[in-house]
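1. Fold the stuff below for me.
(one chain, ligands or ions: 1)
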Amino acid sequence: MLAVGAWWRPCAAEMAVSFWNNLLQITKNRVLQQRGVSLYNYTHGFEEHVIKKKLEQFAGGSINLSKDGNGIGVLTVNNPRLMNAFTGTMMLELQEKVTELENWKEGKGLIIRGAENTFCSGSDLNVVKALSSMQDGVNTCMFIRNTLTRLMRLPLISVALVQGKAVGGGAELTTACDFRLMTPGSEIRFVHKEIGLVPGWGGATRLVQLIGSGNALKLLSGALKVDPERASVLFYCTDDTLLLFPPKTRLKCTEIVS
Ligand SMILES: CC[C@@H](C(=O)O)C(=O)SCCNC(=O)CCNC(=O)[C@H](O)C(C)(C)COP(=O)(O)OP(=O)(O)OC[C@H]1O[C@@H](n2cnc3c(N)ncnc32)[C@H](O)[C@@H]1OP(=O)(O)O
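-> Modelled structure (predicted):
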(Lines give C-alpha, C1' and ligand atoms only; values in the text may rest on other atoms or scores of the structure.)
Protein backbone atom coordinates (compact mmCIF):
# COMPACT_ATOMS: atom_id res chain seq x y z
CA MET A 1 0.00 0.00 0.00
CA LEU A 2 2.83 2.29 1.04
CA ALA A 3 4.65 1.61 -2.28
CA VAL A 4 1.53 2.37 -4.23
CA GLY A 5 0.96 5.35 -2.04
CA ALA A 6 4.55 6.48 -2.59
CA TRP A 7 4.30 5.85 -6.35
CA TRP A 8 0.96 7.68 -6.45
CA ARG A 9 2.16 10.67 -4.36
CA PRO A 10 4.81 12.13 -6.83
CA CYS A 11 2.26 11.84 -9.67
CA ALA A 12 -0.32 13.73 -7.62
CA ALA A 13 2.29 16.32 -6.71
CA GLU A 14 3.16 16.82 -10.37
CA MET A 15 -0.50 17.08 -11.26
CA ALA A 16 -1.03 19.64 -8.47
CA VAL A 17 1.93 21.74 -9.65
CA SER A 18 0.69 21.60 -13.22
CA PHE A 19 -2.83 22.54 -12.09
CA TRP A 20 -1.62 25.57 -10.15
CA ASN A 21 0.67 26.68 -12.97
CA ASN A 22 -2.21 26.55 -15.42
CA LEU A 23 -4.48 28.40 -13.01
CA LEU A 24 -1.81 31.04 -12.47
CA GLN A 25 -1.39 31.52 -16.21
CA ILE A 26 -5.14 31.78 -16.77
CA THR A 27 -5.43 34.34 -13.97
CA LYS A 28 -2.48 36.30 -15.32
CA ASN A 29 -4.01 36.36 -18.81
CA ARG A 30 -7.33 37.47 -17.36
CA VAL A 31 -5.62 40.30 -15.42
CA LEU A 32 -3.71 41.37 -18.51
CA GLN A 33 -6.93 41.35 -20.51
CA GLN A 34 -8.66 43.29 -17.74
CA ARG A 35 -5.99 45.98 -17.73
CA GLY A 36 -7.35 48.04 -20.55
CA VAL A 37 -10.98 47.23 -19.77
CA SER A 38 -12.92 50.05 -18.08
CA LEU A 39 -15.46 49.87 -15.30
CA TYR A 40 -18.13 51.85 -17.11
CA ASN A 41 -19.33 51.67 -20.71
CA TYR A 42 -22.45 52.48 -22.70
CA THR A 43 -24.42 49.73 -20.95
CA HIS A 44 -24.12 51.84 -17.79
CA GLY A 45 -25.34 54.93 -19.65
CA PHE A 46 -21.78 56.23 -19.88
CA GLU A 47 -21.38 58.60 -22.86
CA GLU A 48 -17.60 58.88 -23.11
CA HIS A 49 -17.53 60.71 -26.44
CA VAL A 50 -20.02 63.28 -25.12
CA ILE A 51 -18.15 64.06 -21.92
CA LYS A 52 -14.76 64.16 -23.68
CA LYS A 53 -16.07 66.90 -25.97
CA LYS A 54 -17.29 68.88 -22.96
CA LEU A 55 -14.09 68.41 -20.93
CA GLU A 56 -12.08 69.74 -23.88
CA GLN A 57 -13.74 73.12 -23.35
CA PHE A 58 -12.08 73.54 -19.93
CA ALA A 59 -8.40 74.05 -20.71
CA GLY A 60 -5.50 74.75 -18.38
CA GLY A 61 -2.69 72.95 -16.63
CA SER A 62 -1.22 69.67 -17.83
CA ILE A 63 -0.40 66.11 -16.84
CA ASN A 64 3.30 65.50 -17.45
CA LEU A 65 4.90 62.06 -17.62
CA SER A 66 8.61 61.36 -17.61
CA LYS A 67 10.04 57.82 -17.90
CA ASP A 68 13.65 56.96 -17.09
CA GLY A 69 15.88 54.10 -18.26
CA ASN A 70 15.39 52.24 -14.97
CA GLY A 71 11.68 51.75 -15.59
CA ILE A 72 10.58 54.50 -13.18
CA GLY A 73 7.92 56.93 -14.36
CA VAL A 74 7.03 60.24 -12.74
CA LEU A 75 3.56 61.60 -13.41
CA THR A 76 3.10 65.25 -12.41
CA VAL A 77 -0.25 66.94 -11.88
CA ASN A 78 0.66 70.41 -13.08
CA ASN A 79 -1.71 73.29 -12.41
CA PRO A 80 -0.05 75.08 -9.49
CA ARG A 81 -2.03 78.30 -9.97
CA LEU A 82 -5.08 76.34 -8.81
CA MET A 83 -3.29 74.06 -6.31
CA ASN A 84 -3.04 71.45 -9.08
CA ALA A 85 -6.80 71.19 -9.52
CA PHE A 86 -7.86 69.09 -12.51
CA THR A 87 -9.22 71.08 -15.43
CA GLY A 88 -11.16 69.30 -18.17
CA THR A 89 -8.15 68.92 -20.45
CA MET A 90 -6.08 67.56 -17.54
CA MET A 91 -8.65 64.81 -17.03
CA LEU A 92 -8.29 63.93 -20.73
CA GLU A 93 -4.50 64.04 -20.50
CA LEU A 94 -4.53 61.73 -17.47
CA GLN A 95 -6.38 59.14 -19.55
CA GLU A 96 -3.82 59.52 -22.35
CA LYS A 97 -0.90 59.07 -19.93
CA VAL A 98 -2.47 55.95 -18.38
CA THR A 99 -2.82 54.48 -21.88
CA GLU A 100 0.86 55.31 -22.49
CA LEU A 101 1.81 53.58 -19.24
CA GLU A 102 -0.27 50.51 -20.14
CA ASN A 103 1.93 50.14 -23.21
CA TRP A 104 5.24 50.80 -21.43
CA LYS A 105 6.83 47.37 -21.44
CA GLU A 106 9.93 48.41 -19.43
CA GLY A 107 7.89 50.10 -16.69
CA LYS A 108 8.47 48.99 -13.10
CA GLY A 109 7.31 51.85 -10.92
CA LEU A 110 5.36 55.09 -10.99
CA ILE A 111 5.59 58.12 -8.72
CA ILE A 112 2.58 60.46 -8.83
CA ARG A 113 3.22 63.96 -7.52
CA GLY A 114 1.93 67.53 -7.80
CA ALA A 115 3.82 70.52 -9.15
CA GLU A 116 5.34 73.13 -6.83
CA ASN A 117 5.24 71.09 -3.62
CA THR A 118 1.52 70.58 -3.36
CA PHE A 119 -0.30 67.45 -4.46
CA CYS A 120 -3.76 68.13 -5.90
CA SER A 121 -6.98 69.87 -4.85
CA GLY A 122 -9.33 67.65 -6.85
CA SER A 123 -11.54 68.81 -9.67
CA ASP A 124 -11.35 72.43 -10.73
CA LEU A 125 -14.43 73.82 -9.01
CA ASN A 126 -15.11 76.00 -12.05
CA VAL A 127 -15.48 72.80 -14.08
CA VAL A 128 -17.65 71.21 -11.39
CA LYS A 129 -19.97 74.24 -11.47
CA ALA A 130 -20.09 74.33 -15.27
CA LEU A 131 -20.80 70.61 -15.64
CA SER A 132 -23.48 70.67 -12.95
CA SER A 133 -26.24 68.75 -14.78
CA MET A 134 -26.78 65.26 -13.39
CA GLN A 135 -25.76 63.55 -16.64
CA ASP A 136 -22.62 65.64 -16.99
CA GLY A 137 -21.71 64.98 -13.34
CA VAL A 138 -22.24 61.25 -13.71
CA ASN A 139 -20.34 61.12 -16.99
CA THR A 140 -17.41 63.08 -15.55
CA CYS A 141 -17.18 60.81 -12.51
CA MET A 142 -17.44 57.67 -14.67
CA PHE A 143 -14.71 59.02 -16.94
CA ILE A 144 -12.30 59.66 -14.07
CA ARG A 145 -13.17 56.42 -12.31
CA ASN A 146 -12.42 54.47 -15.47
CA THR A 147 -9.05 56.17 -15.72
CA LEU A 148 -8.14 55.66 -12.05
CA THR A 149 -9.21 52.00 -12.19
CA ARG A 150 -6.89 51.48 -15.15
CA LEU A 151 -4.16 53.35 -13.23
CA MET A 152 -4.58 50.94 -10.32
CA ARG A 153 -4.36 47.96 -12.67
CA LEU A 154 -1.06 49.04 -14.21
CA PRO A 155 1.65 46.39 -13.74
CA LEU A 156 3.75 49.02 -11.93
CA ILE A 157 4.30 49.74 -8.24
CA SER A 158 2.78 53.17 -7.73
CA VAL A 159 3.53 55.70 -5.01
CA ALA A 160 1.58 58.92 -4.36
CA LEU A 161 4.21 61.42 -3.21
CA VAL A 162 2.10 63.76 -1.09
CA GLN A 163 3.64 67.16 -0.46
CA GLY A 164 1.42 70.01 0.68
CA LYS A 165 -2.26 69.26 0.26
CA ALA A 166 -4.18 66.38 -1.29
CA VAL A 167 -7.85 67.33 -0.94
CA GLY A 168 -11.12 66.25 -2.53
CA GLY A 169 -10.39 64.36 -5.71
CA GLY A 170 -6.70 64.82 -4.86
CA ALA A 171 -7.22 62.73 -1.72
CA GLU A 172 -9.06 60.19 -3.86
CA LEU A 173 -6.15 60.09 -6.29
CA THR A 174 -3.85 58.95 -3.45
CA THR A 175 -6.10 55.95 -2.84
CA ALA A 176 -5.56 54.79 -6.44
CA CYS A 177 -1.86 54.21 -5.71
CA ASP A 178 -0.23 51.19 -4.06
CA PHE A 179 1.57 53.36 -1.52
CA ARG A 180 1.32 56.89 -0.15
CA LEU A 181 4.38 58.80 0.93
CA MET A 182 3.77 61.99 2.90
CA THR A 183 6.31 64.68 3.62
CA PRO A 184 6.24 66.47 6.99
CA GLY A 185 3.42 69.00 7.17
CA SER A 186 1.49 67.50 4.28
CA GLU A 187 -2.16 66.53 4.54
CA ILE A 188 -4.76 64.33 2.88
CA ARG A 189 -8.35 65.43 3.34
CA PHE A 190 -11.64 64.21 1.89
CA VAL A 191 -13.36 67.62 1.95
CA HIS A 192 -16.35 66.55 -0.12
CA LYS A 193 -18.96 66.84 2.61
CA GLU A 194 -17.99 70.48 3.15
CA ILE A 195 -19.13 71.28 -0.40
CA GLY A 196 -22.11 68.95 -0.45
CA LEU A 197 -20.48 66.35 -2.69
CA VAL A 198 -19.65 62.69 -2.41
CA PRO A 199 -16.28 61.33 -3.56
CA GLY A 200 -16.82 61.14 -7.30
CA TRP A 201 -13.51 59.57 -8.28
CA GLY A 202 -14.11 56.23 -6.55
CA GLY A 203 -12.05 57.20 -3.51
CA ALA A 204 -14.62 56.15 -0.90
CA THR A 205 -14.66 52.52 -2.06
CA ARG A 206 -10.86 52.38 -2.20
CA LEU A 207 -10.56 54.03 1.21
CA VAL A 208 -12.72 51.32 2.79
CA GLN A 209 -10.48 48.70 1.19
CA LEU A 210 -7.40 50.51 2.51
CA ILE A 211 -8.35 51.32 6.11
CA GLY A 212 -11.68 49.59 6.82
CA SER A 213 -15.21 50.95 6.86
CA GLY A 214 -15.05 52.42 10.37
CA ASN A 215 -11.97 54.54 9.77
CA ALA A 216 -13.14 55.46 6.26
CA LEU A 217 -16.48 56.67 7.62
CA LYS A 218 -14.70 58.83 10.19
CA LEU A 219 -12.47 60.47 7.57
CA LEU A 220 -15.33 61.02 5.10
CA SER A 221 -18.09 62.12 7.46
CA GLY A 222 -15.77 64.38 9.41
CA ALA A 223 -13.66 65.60 6.46
CA LEU A 224 -10.82 64.93 8.89
CA LYS A 225 -7.30 66.07 8.16
CA VAL A 226 -4.91 63.14 7.72
CA ASP A 227 -1.35 64.19 8.50
CA PRO A 228 1.64 61.79 8.30
CA GLU A 229 1.22 60.82 11.96
CA ARG A 230 -2.47 59.95 11.66
CA ALA A 231 -1.85 58.27 8.30
CA SER A 232 0.81 55.93 9.65
CA VAL A 233 -1.53 54.96 12.52
CA LEU A 234 -4.26 54.20 10.00
CA PHE A 235 -1.72 52.08 8.03
CA TYR A 236 -2.74 54.28 5.18
CA CYS A 237 0.54 55.89 4.66
CA THR A 238 4.08 56.27 5.80
CA ASP A 239 6.01 59.05 7.40
CA ASP A 240 8.41 61.44 5.64
CA THR A 241 10.97 59.73 3.45
CA LEU A 242 10.50 56.07 4.26
CA LEU A 243 7.86 53.50 3.51
CA LEU A 244 7.17 51.49 6.61
CA PHE A 245 6.64 47.83 6.03
CA PRO A 246 5.83 45.32 8.72
CA PRO A 247 8.50 45.74 11.37
CA LYS A 248 12.18 45.74 10.49
CA THR A 249 11.86 46.37 6.75
CA ARG A 250 12.26 49.99 5.76
CA LEU A 251 12.82 51.08 2.18
CA LYS A 252 13.12 54.44 0.47
CA CYS A 253 10.48 55.43 -2.06
CA THR A 254 12.68 55.04 -5.12
CA GLU A 255 13.88 51.65 -3.86
CA ILE A 256 10.31 50.45 -3.58
CA VAL A 257 9.41 51.37 -7.15
CA SER A 258 12.64 50.26 -8.77
C1 LIG B 1 -16.70 65.33 -7.49
C2 LIG B 1 -15.74 66.47 -7.32
C3 LIG B 1 -14.76 66.19 -6.25
C4 LIG B 1 -14.09 65.02 -6.67
O5 LIG B 1 -13.46 65.17 -7.72
O6 LIG B 1 -14.31 64.00 -6.02
C7 LIG B 1 -13.78 67.31 -6.11
O8 LIG B 1 -12.58 67.15 -6.07
S9 LIG B 1 -14.47 68.88 -6.01
C10 LIG B 1 -13.05 69.88 -5.50
C11 LIG B 1 -12.71 69.58 -4.10
N12 LIG B 1 -11.57 70.38 -3.69
C13 LIG B 1 -11.72 71.49 -2.93
O14 LIG B 1 -12.79 71.84 -2.51
C15 LIG B 1 -10.44 72.21 -2.58
C16 LIG B 1 -10.63 73.70 -2.76
N17 LIG B 1 -9.38 74.37 -2.40
C18 LIG B 1 -9.02 74.57 -1.11
O19 LIG B 1 -9.65 74.16 -0.17
C20 LIG B 1 -7.73 75.31 -0.92
O21 LIG B 1 -7.37 75.94 -2.13
C22 LIG B 1 -6.56 74.41 -0.50
C23 LIG B 1 -6.37 73.29 -1.48
C24 LIG B 1 -6.81 73.88 0.90
C25 LIG B 1 -5.30 75.30 -0.47
O26 LIG B 1 -5.56 76.45 0.31
P27 LIG B 1 -4.52 77.65 0.23
O28 LIG B 1 -3.14 77.14 0.39
O29 LIG B 1 -5.02 78.70 1.15
O30 LIG B 1 -4.62 78.18 -1.28
P31 LIG B 1 -5.85 79.01 -1.88
O32 LIG B 1 -7.13 78.52 -1.34
O33 LIG B 1 -5.55 80.46 -1.79
O34 LIG B 1 -5.77 78.54 -3.40
C35 LIG B 1 -4.91 79.16 -4.32
C36 LIG B 1 -5.71 79.41 -5.59
O37 LIG B 1 -6.11 78.11 -6.11
C38 LIG B 1 -7.51 78.10 -6.30
N39 LIG B 1 -8.00 76.72 -6.11
C40 LIG B 1 -7.60 75.86 -5.16
N41 LIG B 1 -8.26 74.69 -5.29
C42 LIG B 1 -9.09 74.81 -6.34
C43 LIG B 1 -10.04 73.95 -6.98
N44 LIG B 1 -10.26 72.69 -6.57
N45 LIG B 1 -10.75 74.43 -8.03
C46 LIG B 1 -10.54 75.72 -8.48
N47 LIG B 1 -9.64 76.60 -7.92
C48 LIG B 1 -8.93 76.12 -6.86
C49 LIG B 1 -8.03 79.05 -5.25
O50 LIG B 1 -9.32 79.47 -5.61
C51 LIG B 1 -7.01 80.15 -5.33
O52 LIG B 1 -7.28 80.89 -6.50
P53 LIG B 1 -7.25 82.50 -6.43
O54 LIG B 1 -8.24 82.85 -5.36
O55 LIG B 1 -7.66 82.94 -7.79
O56 LIG B 1 -5.85 82.86 -6.05
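
2. what number of residues lie near the residue of the stretch 1-150 of the chain found nearest the ligand?
-> Residue nearest to the ligand within the stretch 1-150 of the chain: Gly122 (2.2 Å; Cβ to the nearest ligand atom). Heads up, the C-betas are built off the backbone N, CA and C, glycines and all. Using other Cβ atoms under 10 Å as the criterion, Gly122 is surrounded by 28 other residues.

3. My guess is it contacts Gly168. True?
-> Yes - using Cβ atoms under 8 Å, Gly122 makes contact with Gly168 at a distance of 2.7 Å.

4. Can you tell me the centre-most residue of the chain?
-> With distances taken as Cα atoms, centre = their mean, the residue of the chain nearest its centroid is Ala176 (1.7 Å).

5. mind checking the SS state of the closest residue to that residue other than its chain neighbours?
-> Distance criterion Cβ to Cβ, 6 or more residues apart in numbering; nearest residue to Ala176, sequence neighbours excluded, is Leu148 at 4.3 Å. Put simply, Leu148 is helix when judged by DSSP: H, G, I helix; E, B strand; the rest coil.

6. give me every residue that touches Leu148.
-> 172-173, 176, 201-202 (Cβ atoms under 8 Å, 6 or more residues apart in numbering).

7. Please apply the same query to Lys193.
-> Lys193 touches 220-221, 223, counting by Cβ under 8 Å, 6+ apart.

8. Also Gly88?
-> 54-59, 124, 127.

9. So which bits of the stretch 51-200 of the chain are right by the ligand?
-> 82-83, 85, 121-126, 128, 165, 167-169, 172, 191-192, 195, 197, 199-200 (Cβ under 6 Å from any ligand atom).
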